[in-house]
Each structure stands twice: as C-alpha cells, then as structure tokens.
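>>> whatever this is, show me its structure:
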Amino acid sequence: MPNLYRRQQKHTIQPDTLPHQIRQEKVLAEKYVKNNDYDEAIVSYKKIISLNLTNDNPDKNIGFYSRLGNLYQFQGRVSDAIDAYTKAIDISELFPSESVEQGIYINRIKCLFESSSPDNLEIVIEDCNNLIEINKNKGYPQKNVAVYVDLGQAYFKQDKIELAIDSYKKAISLASYEKAIGAYVEIGNLYELQGDDDAAVSCYINAINSSDNLEKTIAPHIRLANLYRKQVKFTEAESIYNQIISSNSIPDKKKLGAYNNLGKLYENLQRNEDALNFYEKAIRTTPEDTVAYVNAVLLLDKLGEVKKADKYFKFLVQNGNNLIESLRDTQKALNMAEIEKLSYLGSMATGIAHNINNPTNNISLKVLRGLRRVKKGDINNQEAQGIFASIMHEVKRLTSIVKQFWAFARGDRNKRENVDLNDLAMRVAAYFDGQFQSHDVVLNLELSDNNPQAYANQFLVEEVLINLVTNAREEVEKKPNAAVWVKTWATLEHSVIQVQDNGPGILEEQQKSLFSPFHSTKAHGMGLGLHLAKSALERINGTISYQNSSRGGACFIVHLLPPQGESDE
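Numbers count the residues shown, from 1 in each chain. Model prediction:
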C-alpha cells in the first residue's frame, strides 16, 4: 500500500515547468486527434510551439509544425497547411542537425498543387529537387519515382513540355514495371498535346505491357481507345472498351470510363440506342456518376425524348451538391470537356442560324425576282449577270460562316499559340450579330489600339467568350436600352478580355458560388457554364473573376498569359 500511495502521490504532482506543460499539451493534442476534434488539437499544437519558443527550443517545433500542417490539410485549409509545412522546412535550414522528414516535403508539394497558384510551381520544383537529393543520399533512389512524376506535372503546368517528358522518363527508368504505368500515361498525354499521336500510342502500349493485371492498366487502355476514337479507328477503340467491360476481374465501378466512352463512340457511329444503353449501365452501376447522367441528358435531348431527358436532368439538379466532388475527378473532367464543347457549339449554332437567315433570304428574293423578269421577258444579259453576281456574293457569305463554324467545332483545343484578342472578339461578335439585333440588344466592342495578344488556345478562349456574351445578352434582352460591352487591353503581366452588361447584375450572396458546378442564377440553367469556363481557362493558366459593373449590371474579367516569343508547333 505505501508504494501505491507514493506512485499516486507522484502522479498528482503538477510541477509548473515548461517541459511538463509541453508533455501535457501533447497528450491533450493526441487525445483530440483520436476523437476527431481537430480544432482543439490545433490549439494544443500551437500552444506547444509557443512553449518551445519560450523555452528557446525552436528546433523542437519541426515535428509539431508538420502535425499542424497535417491537420490543416485534412480540414482543406490548404494555405494554412502550406504555411505550417514551410515553417517546418525553414527551421530545419536554420538547424542543419535537425533533418526534415521526407513526408513534410511530399505534403507541401501536394498542397502547393491543390492551391492552383502558378506562383507556387517554382516551390514545387525546388521541393522535388530537394527530395530527389535526399533520397539519393539516403540510398533510396526508388522513392524518387513519385517525385519525378510530381516534377513532371509541375513542368507541364508551366508549359515546359520537354522538361516534363524528361522527368517522366526518369521516373520510368527508376520504376519497376507496374510503377512505370502512371509515368508512361503522363508522357503519352504530353505527346498527344504536342500532336504526336504515334508517340502517344507507343507510350500507352508500353504502359499496358508493364503489367499483366488488366485492372492496373485501365487508365492506359482507355487513353489508347480514346486516341483511336479520335483517329476514327472505331473498331480498335470498341475492342479495347469491350475488353474492360467484359472482364470479370475488374469491379463494375471501375468500368465507368469504358461505359461512358463506348457510349460516345456509338454516338459517333450514330448507334444512339447502343450509346444510351451504356450510359444507363454506368448510371445503374454508380448512380452518383455525373458524366453518365449528362451524356444521357444530351443524347436524349438530341433524340427528342424530352420526358426521359428531363427525368435525368432533375436528378442532376436535385443531387448537385452530392455530385460536386465527383466532378473534380480528373478522368471525369476530361469527359466534361466534351460536354463543354457541345454546349458552346449549341450557343454558336443558335447565333449562326440568325446570320444564315439573312443571306438565304437574300438569295431567295433575288432568285424569285430574276425568275419573274425571265417570265416577263424583260431582262437582258447584263442585268442577269448582276443578279447572279449578287447571289454568288451571298453564297460566299454562307460558305464563310460554315467554314468558321467547322473550324471552331474541329479546332485543336490543346495547341497554344499567340492569339489576337481583338480578332477573337470581332469573330464572336460576328457570330451573334443577327441574334443580338433580333433581341434589340446592342453589342459594343471596345478594342485596344495596341492589338493585345495572349498565349492561349484560340478555341478555348472563344468558348469562354461565347459563354459570357450569351449570358450577358440573356440577362439584358428584355430591358430598355439593353447593351453588352466587350473590351480588350493588356498589361505587362496579363492580356485581358472584359464582358459587362447593364442588366440586373448578380446578388452578393450568389457571387460566392458563381463558379461552382450546378450553381445557376437562371431559372432553368444547369449551372455548368461558368464552372466549365473557369476549368477551360485553368487549362491555359488563365483566370476569370466577377465584379459589379460600373454600368449597373454584371462584369466578368478574363486574365490570360501575355504573348510569348514563339507559338507551339
């Protein structure tokens, strides 16, 4: 009994010392983490960090800043997590004897990618190179496979394609067969972006041959099939999709990409019932699959099956909040690019329909007038030639409109080059000239005299501008003196397009989620337009923002990269 008493007495003593307070806070922090009370755990770790500084032991805070970063990262507080990891790394540089865990670099790299800020890419590259050296010095070169992949992604985001390819090749040289799959896929994607489809096919085949396990090579199989589909090699593509779908070793949920892409292939072949069948298979397999629902809605709408399309569309709207996360999935984002393109083609086709009406009406009137005069016998050769010449002029106008439409529809959305923003704005204005006139809306172009250019993809920027101009016109069309303004200018850092109107504007509470998927300010909108515009711009390192217009309505500003010395070939 005396011994037990002494132990109990010793345990209840609360010495007022810093080391004891630190231990106590550490126990509390671990308890809070175990109970998922992350806010309280953060408070405890901050107290520990403060106590270590008071005790003149800043070097002891490396691990605690790392844990703080982990908690912020888990909560989605990316900026706070980056700040915590950065402090851990900075302390280690001040105290060389205190080595930094590789996990801190890895976690900071992940957060820097999530932040989507181009300025952070240089830090990612620096962290990757530091990690590569650490792993080499510790004799773990195999750990650099993932690091080289991250390095390749950073170079790709900076448009340094050759450096990206070189990084992925280094990853492949270090990787075992199965670990090389991801790097082969990334290189294949880069070759596709460069227009070298043969090199891309070779990479995807190498990825497929890296493993006998079909489940582990689903991604390169689907990439290869999609590339074959683009090359109009429909038989080869269909065979690959069916190989995945018919496999008993692959869980049904992992077949979604094959279901959706085979559906798109059958749409290409006008086998619409087969296409719908595979979209519905995807929906039955994974009811939360956004892409399958959108594909089905678009196809049913095209087939005129309005009631069925409406049923799927209502599901999308009602369950939009639950589906937002799935939109962030990379593979689904790739599929959404096709939906985005179809949406803009629809807007453009509507505008072109108005433009086509004028020359076709003129042709009809001139032909009828000519026929009447021929019947009366009061037309000479010179007058007939004049009528035919004017008809040919209208035919050329039609041909020009159709050529522009096909150029837009078939345009390469991966190539980047210097784009003349004034030409682009005038082209979009020409598409919608008739449509704006029929709705009594004035479209004003305020184009910079300096002919601003941007390093971008012409068709992606065109899609975004079509979206913004169409939205603006719809907002003001029933308003007296309705008007839309498109303005261009350039600074040293950015090339800019601005679209504003004199409509009702957007309520402050709606502005926060303006670019979120399934958020619409329209009564019957799907709520994807601005989200897809933002996604398209991010692909070319551009941004879009909103502010209230000085003219009383809405104002959207698109910032693009300034022109470069040479365009991509």
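>>> quick one: the strands in the protein?
Counting by DSSP state E, the segments of the chain that form strands are 417-420, 442-446, 453-456, 483-490, 495-501, 543-548, 554-560.
>>> quick one: which of the ones you listed is nearest Arg67?
strand 543-548 (33.3 Å; C-beta to C-beta). Using the backbone N, CA and C atoms, a C-beta is placed for each residue, glycine as well.
>>> and for the closest one, what's in contact with it?
With contacts defined as C-beta atoms under 8 Å, 6 or more residues apart in numbering, strand 543-548 is touched by 464, 505-506, 511, 514-515, 530, 533-534, 537, 554-559.
>>> cool, and stretch 235-252?
Identification of contacts with stretch 235-252 by C-beta under 8 Å, 6+ apart yields 213-215, 218, 221-222, 224-226, 228-229, 255, 257-259, 261-262, 265, 285-286.
>>> which among those end up buried?
Buried by 16 or more other C-beta atoms under 10 Å: 218, 221-222, 224-226, 228-229, 255, 257-259, 261-262, 265, 285-286, out of these.
>>> about what we covered before: pick out the most distant pair among the contacts of strand 543-548.
Across the contacts of strand 543-548, the longest distance by C-beta to C-beta is 22.0 Å; it joins Gly505 and Leu537.
>>> nearest to Ile91, of the strands of the chain?
strand 543-548 (33.5 Å).
>>> ok and the closest one relative to strand 495-501, angle-wise?
40 degrees (axes from the mean of the first three to the mean of the last three C-alpha atoms, to 10 degrees).
>>> just want the angle from strand 543-548 to strand 554-560.
160 degrees.
>>> output strand 543-548 as PDB, nothing but the C-alphas.
Coordinates of each C-alpha in strand 543-548 appear next as PDB, following Å, rounded to 0.1, in the frame of the first residue of the first chain:
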ATOM      1  CA  THR A 543      -8.300  33.100 -64.600                       C
ATOM      2  CA  ILE A 544     -11.800  34.500 -64.600                       C
ATOM      3  CA  SER A 545     -13.300  36.800 -61.900                       C
ATOM      4  CA  TYR A 546     -16.500  38.700 -61.300                       C
ATOM      5  CA  GLN A 547     -17.200  42.300 -60.200                       C
ATOM      6  CA  ASN A 548     -20.300  44.600 -60.300                       C
END
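>>> what separation do you get for Glu383 and Gly377?
The gap separating Glu383 from Gly377 is 12 Å, by C-beta to C-beta, to the nearest Å.
>>> those two: who's more crowded?
With neighbours defined as other C-beta atoms under 10 Å, Glu383 and Gly377 compare such that Glu383 has more, 12 against 6.
>>> for Arg77, see how far away that one is.
As judged by C-beta to C-beta, Glu383 and Arg77 stand 78 Å apart.
>>> His194 contacts Ala164, correct?
Careful, residue 194 is Gln and not His. No: in this structure, Gln194 is not within contact of Ala164 by C-beta atoms under 8 Å, at 10.7 Å.
>>> follow-up on the earlier one: let's have the strands of the chain in a markdown table, adding mean neighbour count, distance to Val145 and mean pLDDT.
Formatted as a markdown table, these follow (neighbours: other C-beta atoms under 10 Å; distance: least, C-beta to C-beta, whole Å; pLDDT from 0 to 100):
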| stretch | mean neighbour count | distance to Val145 | mean pLDDT |
| --- | --- | --- | --- |
| strand 417-420 | 19 | 34 | 91 |
| strand 442-446 | 14 | 52 | 92 |
| strand 453-456 | 25 | 32 | 92 |
| strand 483-490 | 21 | 42 | 94 |
| strand 495-501 | 24 | 38 | 94 |
| strand 543-548 | 15 | 33 | 90 |
| strand 554-560 | 23 | 35 | 93 |
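>>> could those be laid out in JSON lines, adding distance to Ile205?
Below are the strands of the chain laid out as JSON lines (distance: least, C-beta to C-beta, whole Å):
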{"stretch": "strand 417-420", "distance to Ile205": "30"}
{"stretch": "strand 442-446", "distance to Ile205": "49"}
{"stretch": "strand 453-456", "distance to Ile205": "32"}
{"stretch": "strand 483-490", "distance to Ile205": "44"}
{"stretch": "strand 495-501", "distance to Ile205": "40"}
{"stretch": "strand 543-548", "distance to Ile205": "37"}
{"stretch": "strand 554-560", "distance to Ile205": "36"}
